[in-house]
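S.K.: Pasting the sequence and the predicted model now:
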Amino acid sequence: MVSRRFAVGRRCSMDTFPPFSRLRWSPVRRRRGCVPAHDPLRRPAGRVEPQLDYLAMTSNWTVPGEAVSPVRHPEAPAPGESIPAHWHGCFGCRGTGDGGLGLDVRAGEGAEVTGEIVVDPAFEGGPGVIHGGVLSSVFDEVMGFSAKLLALEVVTAHLEVDFRSPVPVRSALTVRARVDGVLGRKLYASAEVYVNGAAAPAGSARALFITIDQAVHFRDLVGNSTRI
Ligand SMILES: CCCCCCCCCC(=O)SCCNC(=O)CCNC(=O)[C@H](O)C(C)(C)COP(=O)(O)OP(=O)(O)OC[C@H]1O[C@@H](n2cnc3c(N)ncnc32)[C@H](O)[C@@H]1OP(=O)(O)O
């Protein structure tokens, strides 16, 4: 009996539901006609191919010319010192034993910070690599900490990430982040992540943070927290 899952050929017992079945497909098996009917690589007839230049997907986000340089608060942690958690309930600030990221963020010079994290296997997305959403959280958190050097209370309004190369689980990540410019309530930040001390970044991020008055911003929300 020919499986309904295949357009032609005989049933291939190794096939599972896509996408992971694709990892095992080979030109030989394709020649033998073992091709699932719902081949995600097959392009429907008449479909217009996307004309995206994937390099151009890197944002052209720039800090506005009117932005001013960030001013470090005189009582900010000294370079090399750990920056305390901004909220003990924060997923980014908690240790991995408490369901958090397990980040250690230290002050650098000026408005720069460095975050260190070992990628917990619980953060896996694709096989053997960190989940992109988790890496985005790491970027968000470390860039947010750079605002703490200015003693400003902020929330993220915009976050963008470029994933340049896979980040393996259990690897040691170093994230370098800084506030690039300040314009009114807007803080423009950027960051890069390095895997196991590599010279080239495995990813980069940019964010816009907006200053808030925490007491006002979270007044009607804090009641949702389970960590009061
Ligand atoms: C204490 C340090 C801790 C740091 C660690 C934190 C790390 C983690 C941080 C987070 O993940 S926070 C959680 C995710 N973020 C949020 O939940 C924020 C949800 N959004 C909001 O609450 C409001 O949209 C926000 C407070 C950001 C802004 O609302 P407001 O009414 O106060 O301000 P407004 O909308 O007037 O925007 C202020 C300026 O920012 C601009 N703006 C806001 N959102 C923007 C956006 N997405 N893109 C570009 N510009 C934006 C806006 O155009 C305007 O520009 P101008 O001053 O030039 O007019």
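M.R.: Cool, the structure landed. Numbering: from 1, shown residues only.
S.K.: What is the neighbour count of the residue lying closest to Arg94 once chain neighbours are set aside?
M.R.: Here the nearest residue to Arg94 in space, its sequence neighbours aside, is Gly100; by C-beta to C-beta, 6 or more residues apart in numbering that works out to 2.6 Å. C-betas here are computed from N, CA, C, even on glycine. Residues contacting Gly100 under the criterion other C-beta atoms under 10 Å number 19.
S.K.: With the one 5 residues further on instead?
M.R.: Using other C-beta under 10 Å, the number of residues around Val105 comes to 25.
S.K.: how near is the residue nearest to Arg94 to the ligand?
M.R.: Plainly put, Gly100 is 12 Å away from the ligand if you go by C-beta to the nearest ligand atom, to the nearest Å.
S.K.: Make 15 the first number, not 1, from now on.
M.R.: New numbering, starting at 15: the last item is Gly114.
S.K.: Contacts only, for that residue.
M.R.: Neighbouring residues of Gly114 by C-beta atoms under 8 Å, 6 or more residues apart in numbering: Cys104, Phe105, Gly106, Cys107, Arg108.
S.K.: Just the buried residues from those residues, in PyMOL please.
M.R.: A single PyMOL command selects the buried members of these (16 or more other C-beta atoms under 10 Å):
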select buried, resi 106+107+108
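S.K.: Where does Gly124 fall, secondary structure wise?
M.R.: Taking DSSP states H and E as the definition, Gly124 sits outside all helices and strands.
S.K.: Domain map for this structure?
M.R.: 20-50, 85-238 (automatic domain parsing).
S.K.: In terms of mean pLDDT, which of the ones you listed ranks lowest?
M.R.: Note on the domains of the chain: lowest mean pLDDT is at domain 20-50, with a mean of 49.
S.K.: hang on, the earlier thing: looking at the domains of the chain, which is buried most?
M.R.: Among the domains of the chain, ranked by average contacts under mean count of other C-beta atoms under 10 Å, first place goes to domain 85-238 (a mean of 17).
S.K.: Mind checking if stretch 94-103 is in reach of the ligand?
M.R.: Yes. For stretch 94-103, a contact with the ligand is found by C-beta under 6 Å from any ligand atom, at His100.
S.K.: how far does that stretch stretch from start to finish?
M.R.: End-to-end distance for stretch 94-103: 24 Å, by C-alpha to C-alpha, to the nearest Å.
S.K.: which outside residues touch it?
M.R.: Outside stretch 94-103, the residues within contact range by C-beta under 8 Å, 6+ apart are 91, 107-108, 118-121, 127, 158-159, 162-163, 239-242.
S.K.: Of these, which ones also sit close to the ligand?
M.R.: Answer for the contacts of stretch 94-103 near the ligand (C-beta under 6 Å from any ligand atom): Gly158, Phe159, Lys162.
S.K.: Dump those residues to JSON lines, plus secondary structure.
M.R.: Conversion of these to JSON lines gives the following (DSSP: H, G, I helix; E, B strand; the rest coil):
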{"residue": "Gly158", "secondary structure": "helix"}
{"residue": "Phe159", "secondary structure": "helix"}
{"residue": "Lys162", "secondary structure": "helix"}
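S.K.: out of these, who's nearest Ala221?
M.R.: The shortest separation between Ala221 and any of those is 7.9 Å, and it belongs to Gly158 (by C-beta to C-beta).
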